[in-house]
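# for reference, the sequence and a predicted model appear below.
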Amino acid sequence: MRNKLGFIIGFFVLVFCLAVKPAFADSPRLIIGAVYVGSVNDYGYNRSFHDALTQVARELPGVKLLEAENVPESTEAERVMEGLVQQGAKLIFPTSFGYSDSARKVAKRHRDVCFEYAGDGDTAKNFGVFFGSTQAAWYPMGVAAGKMTKSNKLGFVIGLPIGYALGNVNAFQMGARSVNPKAQTVVVVTGGWSDKAKEAGAANALLDQGCDVVGMHVDSPATIIQTVEARGGMSIGFQSIEARALAPKGWITGLGFTWAPFFKDVAISVMAGKFSAQAVYQGLGQMVAIAPFGASVPAEVQGLVNAAVTKVASGFNPFTGPLKNNLGNTVLPPGASVGADQMGNMNWYVDGVIGKVR
C-alpha cells in the first residue's frame, strides 16, 4: 500500500513538474527596455539602437526587448522608463541626450535596475554612460568628400551647434583639406535634431550655393540624403550604415554606430550580477564603423579613405595643435590636443569652415 501511495504521489509530482516547466522556460532571464526619441525606421540614430538591441535579443537566449518610440525629452520620458521598470526591465537604455534628468530620477528610485545612458555626465552604481566617438572618425569622411568634390564646396547640416556636432564638422573639414587644399565646408544649422522641412531646406540651400557633397549630423539623415540625391548631388551619411539605401547614385560612404558588441557585454554582466557602471567612449573599429562605398567612388579614393581610417583607428587625433579657428585665432597651440571626452566643450570652427558657432 505504501509503495502504491508513493507511486501515485510521484506520478502527480512528475505531472506537475512537466506542467510548470514550460512556464519557467518561457520566463526571460533579462528584460531590456529601450527609449527612443524618434522612430526606429529613421535610417539614422534611433535605428542604430534598435538594430543593435534586436541583435542582442536574438543572440542571447532568454533576453526580451521592450521598446518605446517617439518619446519626447520631457517628464513623459520619466513616465515611460518607470513603466518599463514595472514591466520587469532590469536593464534600460535611455538613448537620447535629453533623457538624462528623467533617467537619473528613475535610476535613483530603482537601485536594482541598471541604466546605460547614451550621453555624458557622472556615473552612479547602477548608472553607466556611453557614446560613440565620432569626431575623429569624420576625418576620413572629409578625405572622401575632398577627393570627390568638383566644386571644392562641401556642405554640412547640423541640428544644433553643440560641441560634438562642431567636432564632426571640424574633423570633416580637416580631412578634406588634407587631400584638397581648396576645400571649404559650408554649415547650415536647422535648430533641432528632427525637422524634415528645415532639413530639406538646409540641403537645398547648400546645393544652391554650389556644394556638391553634403554631410549631416541630425537624428535621421533620410530627408537630407534624399533631397541631395534628387538634385544629383553626393552625400555622406551618418548614424546608421543602412542609410546608403537612400542614395543609389550619389552615395559616397558614411559613418554608422555599431553598438551591439558593447550592449551584449552589458547584458551579460547584468545577468551575471556583475554590472559595472562606467563612462565608455569608443571610436572607429568599436562603436563606430565606416559604411560601404558607393558604386561611383574610384578605387584610388577608396584607398585614401581606408588609409585615413587606419590612421585614426591607430590613434591619430586630428584635434592636435597648432590649429586656428575660422576667425584666424589660435585655438590649439603646438602640442595641445582635444580628446574625445572633451568634445562637448568645443565652441569653434576650424579654418575653412564657413559658419558661426552662435
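Perfect, I can see it now.
# quick one: the helices in the protein, in order.
Ranges of helices within the chain are 2-26, 45-59, 75-86, 100-109, 138-148, 163-179, 196-208, 222-230, 260-271, 299-313, based on DSSP state H.
# just name the most buried of the ones you listed.
For the helices of the chain, the largest average neighbour count (mean count of other CB atoms under 10 Å) is found in helix 138-148, namely a mean of 28. To be clear about C-beta, it is placed using only N, CA and C from the backbone, and glycine gets the same treatment.
# just the angle between it and helix 299-313, please?
160 degrees (axes from the mean of the first three to the mean of the last three CA atoms, to 10 degrees).
# pick out the shakiest of the helices of the chain, pLDDT-wise.
Of all those, the minimum mean pLDDT falls on helix 2-26 (a mean of 45).
# redo the helices of the chain as JSON lines? Include distance to Pro292.
As requested, the helices of the chain are exported to JSON lines (distance: least, CB to CB, whole Å):
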{"stretch": "helix 2-26", "distance to Pro292": "39"}
{"stretch": "helix 45-59", "distance to Pro292": "16"}
{"stretch": "helix 75-86", "distance to Pro292": "35"}
{"stretch": "helix 100-109", "distance to Pro292": "34"}
{"stretch": "helix 138-148", "distance to Pro292": "12"}
{"stretch": "helix 163-179", "distance to Pro292": "19"}
{"stretch": "helix 196-208", "distance to Pro292": "22"}
{"stretch": "helix 222-230", "distance to Pro292": "15"}
{"stretch": "helix 260-271", "distance to Pro292": "18"}
{"stretch": "helix 299-313", "distance to Pro292": "10"}
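# Thr185 is nearest to which of those helices?
For the helices of the chain, proximity to Thr185 was assessed by CB to CB; helix 163-179 is nearest, at 4.4 Å.
# tell me which of the helices of the chain sits nearest to Asn126.
helix 100-109 (5.6 Å).
# what's the angle between that closest one and helix 75-86?
30 degrees.
# domain ranges for the chain?
29-133+259-282, 138-256+288-354 (automatic domain parsing).
# now the last one, how far from the chain's geometric center?
Yep, that's domain 138-256+288-354 we're talking about. 15 Å (CA atoms, centre = their mean, to the nearest Å).
# and Phe131, which of the helices of the chain is closest to it?
Taking the helices of the chain one by one with CB to CB, helix 163-179 is closest: 8.3 Å.
# that closest one packs against which elements?
On a contact count with 3 or more CB pairs under 8 Å, 6 or more residues apart in numbering; DSSP states H and E, helix 163-179 meets helix 138-148, strand 153-158, strand 184-189, strand 213-217, helix 299-313, strand 353-354.
# residues near the spatially closest residue to Leu84 that is not a sequence neighbour, how many?
Residue nearest to Leu84 in three dimensions, not counting chain neighbours: Gly33, with 3.3 Å by CB to CB, 6 or more residues apart in numbering. Residues lying near Gly33 (other CB atoms under 10 Å) number 25.
# equivalent analysis for the one 4 residues further on, please.
Applying other CB under 10 Å, we find 22 other residues in the vicinity of Val37.
# who's in contact with the closest residue to it other than its chain neighbours?
Nearest non-adjacent residue to Val37, counting by CB to CB, 6+ apart: Ser96, 3.9 Å away. Contact analysis of Ser96 by CB atoms under 8 Å, 6 or more residues apart in numbering lists 35-37, 71, 73, 77, 118-119.
# need the contact list for the closest residue to Val106 other than its chain neighbours.
Spatial nearest neighbour of Val106, excluding adjacent residues (CB to CB, 6+ apart): Met81 at 4.5 Å. Neighbour list for Met81: 33, 35, 92, 94, 99, 102-103, 106 [criterion: CB under 8 Å, 6+ apart].
# show me which pair in those is furthest apart.
Top of the distance list for those (CB to CB): Gly33 and Ser102, 12.9 Å.
# does Thr185 really touch Val157, like I thought?
No. The criterion here is CB atoms under 8 Å, and Thr185 misses it with Val157 at 11.1 Å.
# tell me who's in contact with the residue nearest the centre of the chain.
Taking CA atoms, centre = their mean, the centroid of the chain lies closest to Phe257, which sits 4.7 Å from it. Phe257 is in contact with 45, 48-49, 52, 132, 239-240, 287-289, counting by CB under 8 Å, 6+ apart.
# need the helices and strands packed on helix 163-179 in JSON lines (columns: distance to Val56).
Below are the helices and strands packed on helix 163-179 laid out as JSON lines (distance: least, CB to CB, whole Å):
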{"stretch": "helix 138-148", "distance to Val56": "27"}
{"stretch": "strand 153-158", "distance to Val56": "30"}
{"stretch": "strand 184-189", "distance to Val56": "35"}
{"stretch": "strand 213-217", "distance to Val56": "26"}
{"stretch": "helix 299-313", "distance to Val56": "24"}
{"stretch": "strand 353-354", "distance to Val56": "38"}
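# done for today, thanks.
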